[in-house]
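Engineer: sequence and predicted structure, then a few things I'm wondering about:
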Amino acid sequence: MREVMHFVGGARLAGGSGRWGEIYDPNTGEIQGRVALADAAVVDAAVKAARAAQPGWAALNPQRRARVMFEFKRLVESQMEALAALLSSEHGKVLADSRGDIQRGLEVVEFACGVPHALKGEYTDGAGPGIDVWSMRQPLGVAAGITPFNFPAMIPMWMFAVAIAVGNAFVLKPSEKDPSVPVRLAELFLEAGGPPGVLNVVQGDAAAVEAILVHPDIAAVSFVGSSDVAARVYATAAAHGKRVQAMGGAKNHGIVLPDADLDQAVSDIVGAAYGSAGERCMALPVVVPVGAGTAEALRGRLLSEIERLKVGLSTDPDVQYGPVVTAAHRRRIEDYIELGVREGAELVLDGRGFALQGHKQGFFIGPTLFDHVAPKMKTYQDEIFGPVLQIVRAETFEEALALPSEHAYGNGVSVFTRSGQAAREFARRVDVGMVGVNVPIPVPVAYHTFGGWKRSAFGDANQHGMEGVRFFTRVKTVTARWPGDARPGESAFVIPTLR
Ligand code: NAD
């Protein structure tokens, strides 16, 4: 049976609490390996290795750090197929989607290759008599990242590519459900010329997270996961003096205006609702048709498109999505479907009880569609995180705009329309952090920045792009005057001003 270890100081580390987590193959439902679960001592060993490596790494000029990132990107690309297969085998998403998971992470690595430019400070010549002012961005020291199961390659790279390129050392605590790819990434970083200790991986569960949040030598924590955990991580890490960003859950709406290109909207919505079995924070689990005519037309077309979906093994290139990550998660999704029925929504398609021929123990769940879902229902308010699409009907543009705006989550939203004016107004007024216009999964490109609003994010710094650079650095501002330059004659006892 495969054993997945920590990676500390450039080597696999077997130590730990003696506790192990089980790694499932979601296709078969069988246990395929086990993962070591770190205790505080393992976290401490990783932080010590990071502290030892960080000053030398930060002292390299940024161009040289960028070259390591270039080589890392090349190595990951050369291993793409093996990494994607490993990712699919633990997560259950189809191979093409696993390649996408890795590729979206690599795009942040590409951004990090431009770190010399990103680190340039500001300069004012002659801010006062004989005085120049400049700023520089310096790394924080040791930063930590805690990541969810649903993007085991992309989200670690969102964090460590930027954190490391700007000169920090990093301790990554990936999800214990699919822990293998993050370790492979750390090994490839070492192979690319990254010094041992600059990128460490501690495997584990809540105990490892607790140890990270209170560790005195970790300067910053970046978290992505569900909202209740994100809120607690934010509060605890901040109470321990750390800089912290904590991204949470989501319930993204797709608003379909009467003038939308319905064929395009339907194919976009079906892909975004059911791709990766709905296990994406930027999935589109709620669709809001505006007007009864739009609702009827949309429902009919959605239904015929959804009925054609093929669900199957993550290794099958002909299926649209595979199993969900664990049996417990499948149960949770099925419980929500049951609740939706009890709450009075119309269950149009029921994915419960889906069994794949020859893989009856796999964690499969068929595509599910609800209509006449109401905002007061718990199944509307909660994140289900499965292949369940809910239709919430609205009469007017204002009503449709209010739904995502008043929802507790505010990660992403999409509007489907041919009207530039309506799209512009929607984008400006909606109370959500990332907006798509005829784009179903508006995950911003790497050199922009990713982050939701409200219960979808705690803290004020987004992931990657210049926001990521700002999060993982601190600014030092120098005000300088040299002997021989003209001096103002005023007393040193008053605050200097420019008057
Ligand atoms: P999760 O909250 O269960 O786990 C996330 C991380 O926190 C994991 O590393 C896990 O080991 C750790 N953890 C879990 N429970 C903990 C606890 N009680 N105390 C301390 N640490 C704990 O999330 P998940 O199920 O792995 O991922 C799915 C969730 O992540 C969804 O809610 C999804 O919307 C969200 N997500 C958000 C974004 C975003 O950018 N906003 C991106 C991807 C996923």
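Structural biologist: Structure's in. What do you need?
Engineer: put the alpha carbons of stretch 455-472 into PDB.
Structural biologist: Presented in PDB, the C-alpha positions along stretch 455-472 are these (Å, rounded to 0.1, in the frame of the first residue of the first chain):
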ATOM      1  CA  ARG A 455     -18.200  34.600   3.600                       C
ATOM      2  CA  SER A 456     -16.100  33.500   0.600                       C
ATOM      3  CA  ALA A 457     -13.000  35.300   1.900                       C
ATOM      4  CA  PHE A 458     -11.700  36.500   5.300                       C
ATOM      5  CA  GLY A 459      -8.900  39.100   5.200                       C
ATOM      6  CA  ASP A 460      -8.200  41.700   2.600                       C
ATOM      7  CA  ALA A 461      -5.600  40.300   0.300                       C
ATOM      8  CA  ASN A 462      -6.400  38.100  -2.700                       C
ATOM      9  CA  GLN A 463      -4.500  35.200  -4.200                       C
ATOM     10  CA  HIS A 464      -1.800  35.600  -6.900                       C
ATOM     11  CA  GLY A 465      -1.200  38.600  -9.200                       C
ATOM     12  CA  MET A 466       0.200  41.700  -7.600                       C
ATOM     13  CA  GLU A 467      -2.100  41.100  -4.600                       C
ATOM     14  CA  GLY A 468      -0.200  37.900  -4.000                       C
ATOM     15  CA  VAL A 469       3.100  39.700  -4.200                       C
ATOM     16  CA  ARG A 470       1.800  42.300  -1.700                       C
ATOM     17  CA  PHE A 471       0.500  39.600   0.700                       C
ATOM     18  CA  PHE A 472       3.800  37.700   0.800                       C
END
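Engineer: for it, buried residues please.
Structural biologist: 455-459, 461-465, 467-472 (16 or more other C-beta atoms under 10 Å). Glycine gets a C-beta too; all of them are placed from N, C-alpha and C.
Engineer: now swap in stretch 395-403 and tell me
Structural biologist: Applying 16+ other C-beta under 10 Å to stretch 395-403 flags F397, A400, L401, A402, L403 as buried.
Engineer: nearest to the ligand, of those?
Structural biologist: Nearest to the ligand among these: L403, at 18.4 Å, using C-beta to the nearest ligand atom.
Engineer: from the buried residues of stretch 395-403, which two are the most distant?
Structural biologist: F397 and L403 (11.2 Å; C-beta to C-beta).
Engineer: in TSV, list the buried residues of stretch 395-403 along with secondary structure and distance to S227.
Structural biologist: Converted to TSV, the buried residues of stretch 395-403 look like this (DSSP: H, G, I helix; E, B strand; the rest coil; distance: C-beta to C-beta, whole Å):
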residue	secondary structure	distance to S227
F397	helix	28
A400	helix	24
L401	helix	23
A402	helix	21
L403	helix	19
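Engineer: the strands in the stretch 1-150 of the chain, which residues?
Structural biologist: 2-4, 6-8, 11-13, 20-25, 30-36, 123-128, 131-139, 142-146 (DSSP state E, counting those that start in this stretch).
Engineer: low-confidence ranges in the chain?
Structural biologist: Where the chain drops to pLDDT under 70, the residues are 485-491, 499.
Engineer: can you pull up the most central residue in it?
Structural biologist: I155 (4.7 Å; C-alpha atoms, centre = their mean).
Engineer: correct me if wrong: that one contacts P148.
Structural biologist: Yes: with contact defined as C-beta atoms under 8 Å, I155 reaches P148; the gap is 6.6 Å.
Engineer: need the overlap of contacts for these two.
Structural biologist: V224 (C-beta atoms under 8 Å, 6 or more residues apart in numbering).
Engineer: hmm, back to that, next step: the buried residues of stretch 455-472 restricted to strands.
Structural biologist: When DSSP state E is applied, the buried residues of stretch 455-472 are split such that A457, F458 fall in strands.
Engineer: which of the buried residues of stretch 455-472 come close to the ligand?
Structural biologist: Near the ligand, judged by C-beta under 6 Å from any ligand atom, the entries from those are S456.
Engineer: pull the number of nearby residues for the residue of the stretch 201-350 of the chain found nearest the ligand.
Structural biologist: With C-beta to the nearest ligand atom as the measure, G225 is the residue of the stretch 201-350 of the chain nearest to the ligand, at 2.6 Å. Neighbours of G225 under the rule other C-beta atoms under 10 Å: 21.
Engineer: R232 is in contact with that one, correct?
Structural biologist: No: counting by C-beta under 8 Å, G225 does not reach R232; the two are 10.2 Å apart.
Engineer: next, the contact list for whichever residue of the stretch 51-200 of the chain sits closest to the ligand, please.
Structural biologist: The nearest approach of the stretch 51-200 of the chain to the ligand comes at P148, 3.0 Å away (C-beta to the nearest ligand atom). Contact analysis of P148 by C-beta under 8 Å, 6+ apart lists I155, S175, V224, G225, S226, C281.
Engineer: inside strands: which ones of those residues?
Structural biologist: Per DSSP E, these map to strands at V224.
Engineer: would you list the strands of the stretch 1-150 of the chain in CSV and tack on mean neighbour count and distance to the ligand?
Structural biologist: Below are the strands of the stretch 1-150 of the chain laid out as CSV (neighbours: other C-beta atoms under 10 Å; distance: least, C-beta to the nearest ligand atom, whole Å):
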stretch, mean neighbour count, distance to the ligand
strand 2-4, 16, 14
strand 6-8, 27, 14
strand 11-13, 16, 18
strand 20-25, 18, 9
strand 30-36, 18, 11
strand 123-128, 12, 35
strand 131-139, 17, 23
strand 142-146, 28, 5
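Engineer: what residues does the stretch 151-300 of the chain put near the ligand?
Structural biologist: Near the ligand, when you scan the stretch 151-300 of the chain using C-beta under 6 Å from any ligand atom, you find 151, 173, 175-176, 205-206, 209, 224-226, 229, 247-250, 281.
Engineer: farthest-apart pair in the residues you listed, please.
Structural biologist: Taking C-beta to C-beta as the measure, these have their most distant pair in D205 and A250, spaced 22.6 Å apart.
Engineer: more neighbours: which of the two?
Structural biologist: Each of D205 and A250 has its neighbours counted (other C-beta under 10 Å); A250 has more, 28 against 17.
Engineer: identify the residues contacting stretch 6-18?
Structural biologist: By C-beta under 8 Å, 6+ apart, stretch 6-18 touches 5, 36-39, 41-42, 45-46, 49, 52-53, 183, 186-187, 190, 195-197, 199-204, 207.
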